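# sequence first, predicted model second:
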Amino acid sequence: MNIIKFETQEALNEAGSGIIVSLLQTNPRAKLGLATGGTPVGIYKKLVSACKQGTVSFGKASSFNLDEYVGLDRNHAASYYAFMQEQLLAHVDIAPERCHIPNGMAADLEAECLRYETLLEQVGQIDLQLLGLGHNGHIGFNEPDGALIRGTHVVELREQTRAANARFFDTPEQVPTKAITMGVGTILKAKMILLVVHGKDKAEIVKQALQGPITTECPASLLQTHPNVAVLLDAEAGSLLS
Ligand SMILES: O=P(O)(O)OC[C@H]1O[C@](O)(CO)[C@@H](O)[C@@H]1O
């Protein structure tokens, strides 16, 4: 694992977007695994600027999001579909038909998980998977558990996760109780993983994930088994690392 600490958010976002820009410059057809949540927003802003300035094009790239809430229409402001449009996809030159996200409104959720996992298998390896980190060590929406499901599946969200994401909804009760997520097995298939973490409130889980035992009770700790992971931390998130 290549762990890099940054003094400022600005420097972290510059480095994160720089990695993605370099990838697209060398491989314009790159398959990008994208994440939601507060963490990648600054990186997405930099990518939008780079695209507007002509430094990079997403014209031949494709994107595959990690997860989506169950039961939230894509037009709902807090859906991950809407989030991705607002933060990145509507502002860069990516072809809409090459942007993929699970459909949390599918009548048959199991069939939707199978469709998404099959799509990922058919397109081949994701070139770069961007990840944030949940306070309990979740990646995508893979919550800590005695065992993890390898592929794309429906997950019951932990109360801690719902509470953390309540800031994106009008009331905490509106946060869905379920989501569709790529599995940790799906995530680990990517050629490269870029894990980004901010803030003091994640310092302890960063230490557990990167330097603690590899356990399904901290899904992010399984990233230790991947051969090509870059971790970008702000000074606070990295403050407990030895
Ligand atoms: O970046 P945030 O908002 O702290 O969220 C961390 C992680 O939690 C999720 O939002 C899911 O709860 C992920 O999508 C994200 O990577």
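Nice, thanks for sending it over. No experiment lies behind these values; they were computed from the predicted model shown.

# using the three-state scheme, assign the residue nearest to residue 145 when sequence neighbours are not counted.
Nearest residue to residue 145 in three dimensions, chain neighbours excluded: residue 216, at 5.8 Å (CB to CB, 6 or more residues apart in numbering). Heads up, the C-betas are built off the backbone N, CA and C, glycines and all. Under DSSP: H, G, I helix; E, B strand; the rest coil, residue 216 falls in the coil class.

# same check, this time on residue 18
From three-state DSSP, the assignment for residue 18 is helix.

# burial measure for it, as a count.
14 (other CB atoms under 10 Å).

# any idea how far it lies from residue 11?
As judged by CB to CB, to the nearest Å, residue 18 and residue 11 stand 10 Å apart.

# the residue nearest to residue 145 against residue 222, yeah?
Yes. Residue 216 is in contact with residue 222 according to CB atoms under 8 Å; the separation is 7.4 Å.

# which neighbours do these two have in common?
Each of residue 148 lies in contact with both residue 216 and residue 222 under the rule CB atoms under 8 Å, 6 or more residues apart in numbering.

# more neighbours: which of those two?
residue 222 (20 against 16).

# for the more buried one, which non-adjacent residue is spatially closest?
Nearest to residue 222 is residue 184, by CB to CB, 6+ apart, at 5.4 Å.

# pLDDT (mean, whole number) over whichever helix or strand residue 154 is part of?
Per DSSP states H and E: residue 154 is located in strand 153-156. For strand 153-156, mean pLDDT is 97.

# check the offset of that strand from the chain's centre.
16 Å (CA atoms, centre = their mean, to the nearest Å).

# what is the next helix-or-strand element following that strand packed up against?
Using DSSP H and E, the next helix or strand after strand 153-156 towards the C-terminus is helix 159-165. Contact partners of helix 159-165 among helices and strands, from 3 or more CB pairs under 8 Å, 6 or more residues apart in numbering; DSSP states H and E: none.

# please begin residue numbering at 731 from this point
Fine by me, first position is 731 from now on; the one you just mentioned is helix 889-895.

# how about the CA coordinates for helix 889-895, as CSV?
Taking Å, rounded to 0.1, in the frame of the first residue of the first chain, the C-alpha atoms of helix 889-895 are listed here in CSV:
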residue,chain,number,x,y,z
GLU,A,889,-28.0,2.7,11.8
GLN,A,890,-24.5,4.3,12.1
THR,A,891,-24.3,4.5,8.3
ARG,A,892,-27.9,5.9,8.0
ALA,A,893,-27.1,8.5,10.7
ALA,A,894,-23.8,9.6,8.9
ASN,A,895,-25.7,10.0,5.6
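
# what sits up against the helix or strand following that helix?
Sequence order places strand 908-911 as the next helix or strand after helix 889-895, per DSSP H and E. With CB under 8 Å, 6+ apart as the test, strand 908-911 has contacts from 796-801, 832-834, 839, 842-843, 846, 870-872, 882-887.
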